[in-house]
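A.B. asks: Provide a 3D model corresponding to the input given below.
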Amino acid sequence: MAKIKGAIVVDTERCKGCNLCVVACPLHVIALTKEVNVKGYNYAHQILEDTCNGCASCAQVCPDGCISVYKVKVE
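C.D. replies: Prediction:
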């Protein structure tokens, strides 16, 4: 049976660091950075590369639509 591997891409300039995606992620894959974007917000990023399963919980709760979720089938 094939496994699904996921990855997220965050539009860092649109992210306002609301932390909703961090709370929504069941696998604790997302965290806010120490760096800030041009608006002065700490933005979200993926901290665990091989753990994401592509559930898209983070993208669903993002109020600004900053997160894109990608899924790849791994044999």
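A.B. asks: Just give me the neighbour total for the residue lying closest to residue 32 once chain neighbours are set aside.
C.D. replies: Nearest residue to residue 32, sequence neighbours excluded (C-beta to C-beta, 6 or more residues apart in numbering): residue 42, at 4.4 Å. Using the backbone N, CA and C atoms, a C-beta is placed for each residue, glycine as well. By the measure other C-beta atoms under 10 Å, the count of residues near residue 42 is 16.
A.B. asks: tell me the phi and psi of residue 42?
C.D. replies: When quoted as degrees, to the nearest 10, the phi and psi of residue 42 stand at phi -70, psi 130.
A.B. asks: ok, now residue 28?
C.D. replies: Main-chain torsions, residue 28, degrees, to the nearest 10: phi 60, psi 50.
A.B. asks: Under a three-state scheme, what state does the residue nearest to it when sequence neighbours are not counted occupy?
C.D. replies: Computed as C-beta to C-beta, 6+ apart, the closest residue to residue 28 that is not its neighbour in sequence is residue 48, at 7.4 Å. Per DSSP: H, G, I helix; E, B strand; the rest coil, the local secondary structure of residue 48 is coil.
A.B. asks: List the contacts of residue 48.
C.D. replies: When contacts are counted by C-beta atoms under 8 Å, 6 or more residues apart in numbering, residue 48 touches 27, 28, 29.
A.B. asks: Going by distance to residue 19, which of the residues you listed wins?
C.D. replies: Nearest to residue 19 among those is residue 28, at 12.8 Å by C-beta to C-beta.
A.B. asks: Give me the pLDDT for that closest one.
C.D. replies: Note on residue 28: pLDDT of 96.
A.B. asks: Any figure for the gap between it and residue 63?
C.D. replies: 21 Å (C-beta to C-beta, to the nearest Å).
A.B. asks: ditto for residue 70
C.D. replies: In terms of C-beta to C-beta, residue 70 sits 21 Å off from residue 63.
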